[in-house]
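S.K.: Make a model of this:
(one chain, ligands or ions: 2)
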Amino acid sequence: MNVHEYQAKELMASFGVPVPKGGLAETPEQAVEIAQQLGSEICVVKAQIHAGGRGKGGGVKVCKSLDEVKAAAEAILGMHLVTHQTGPEGKLVQKVWVEEGTDIARELYAAVVLDRGAERLAVMASPSGGMDIEKVAEQTPELIFSTRLEPGQPIWDFQCRQLLFGCGLDAAQVRQGTAMIQALVKMAMAKDATLVEINPLAVTGEGKLIALDGKINFDDSALRRNPDIAALK
Ligand code: ADP
Ligand code: MG
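M.R.: Numbers count the residues shown, from 1 in each chain. Ligands and ions are numbered 1, 2, ... in the order given. As a prediction, this is how the structure comes out:
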């Protein structure tokens, strides 16, 4: 089962992963109200569909005023958003997530994925995050670092350090990133996720780490023991 970005972010936040503050809107008026409440100089209006590549398809708009928020929500709500993951017919956008704009210094990539071949969870990280991780995997695979977990074991600090120093983070950021990855692994195990992907995992101008996007796939066969997840459908 797939969930929307806002649902993924709420779940990640409940495990202690830093995410931007935001709110869900079904009308342009609601979007403006949320932006007002956030009180952030820059807000981002984001289409909520079960597909990635929204930024390139025009489904993510950075806004510098309430008028821009209104215009962005008007443009995105009701559109059939076409991305490389939707097929040519696109997906109807019924909700937008309005969140605080983040001052992005760098965009990294992080993921927890069930490696079925190895029968283990794997954790991956890359200094080359942003929109096109598939291209990175194809063209510069040396920029993707990965580690596998022993069954029933958590991810150890040294594994996180290997991934995060590989991403060129400094010691303080590696400490933050370690807590973040450990929270993501804990969440994946607790909720039977088969994929948790943060792209981008941003480093802010102040040097803090924050999850700007979130994609989670859950194991359908395990939904019976995760009624909270099943309820997100
Ligand atoms: P998608 O992966 O579907 O294109 P993202 O959530 O990753 O959607 O957004 C696309 C891009 O928009 C990100 O790579 C980032 O550069 C920018 N972005 C997303 N959220 C924010 C935010 N809160 N603040 C600033 N920029 C953002
Ligand atoms: Mg993304």
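S.K.: Tell me which helix or strand the most far-flung residue of the chain relative to its centre sits in.
M.R.: Computed with Cα atoms, centre = their mean, the residue of the chain farthest from its C-alpha average is residue 67, at 26.4 Å. Using DSSP states H and E, residue 67 sits within helix 66-76.
S.K.: about what we covered before: and the residue farthest from the centre of the chain, how far from residue 77?
M.R.: 16 Å (Cβ to Cβ, to the nearest Å). No exception for glycine: its C-beta is placed from N, CA and C like everyone else's.
S.K.: anything in the helix holding residue 67 near ligand 1?
M.R.: No. Helix 66-76 does not reach ligand 1 (Cβ under 6 Å from any ligand atom); its nearest approach is 12.2 Å.
S.K.: just checking, what packs against that helix?
M.R.: helix 28-38, strand 43-47, strand 60-63, strand 96-100 (3 or more Cβ pairs under 8 Å, 6 or more residues apart in numbering; DSSP states H and E).
S.K.: would you turn these into TSV with mean neighbour count?
M.R.: Formatted as TSV, these follow (neighbours: other Cβ atoms under 10 Å):
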stretch	mean neighbour count
helix 28-38	19
strand 43-47	27
strand 60-63	20
strand 96-100	25
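S.K.: Turn these into a markdown table, including distance to residue 124.
M.R.: Formatted as a markdown table, the helices and strands packed on helix 66-76 follow (distance: least, Cβ to Cβ, whole Å):
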| stretch | distance to residue 124 |
| --- | --- |
| helix 28-38 | 31 |
| strand 43-47 | 24 |
| strand 60-63 | 23 |
| strand 96-100 | 25 |
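S.K.: Ligand 2 is nearest to which of these?
M.R.: Ligand 2 lies closest to strand 60-63 among the helices and strands packed on helix 66-76, at 8.3 Å (Cβ to the ion).
S.K.: and residue 2, how many neighbours?
M.R.: Other residues lying near residue 2 total 15 when counted by other Cβ atoms under 10 Å.
S.K.: Who are the contact partners of the spatially closest residue to it that is not a sequence neighbour?
M.R.: Distances taken as Cβ to Cβ, 6 or more residues apart in numbering place residue 50 nearest to residue 2, at 4.6 Å, with adjacent residues excluded. Neighbouring residues of residue 50 by Cβ atoms under 8 Å, 6 or more residues apart in numbering: 2, 4, 91.
S.K.: any idea which of the residues you listed is closest to residue 122?
M.R.: residue 2 (19.9 Å; Cβ to Cβ).
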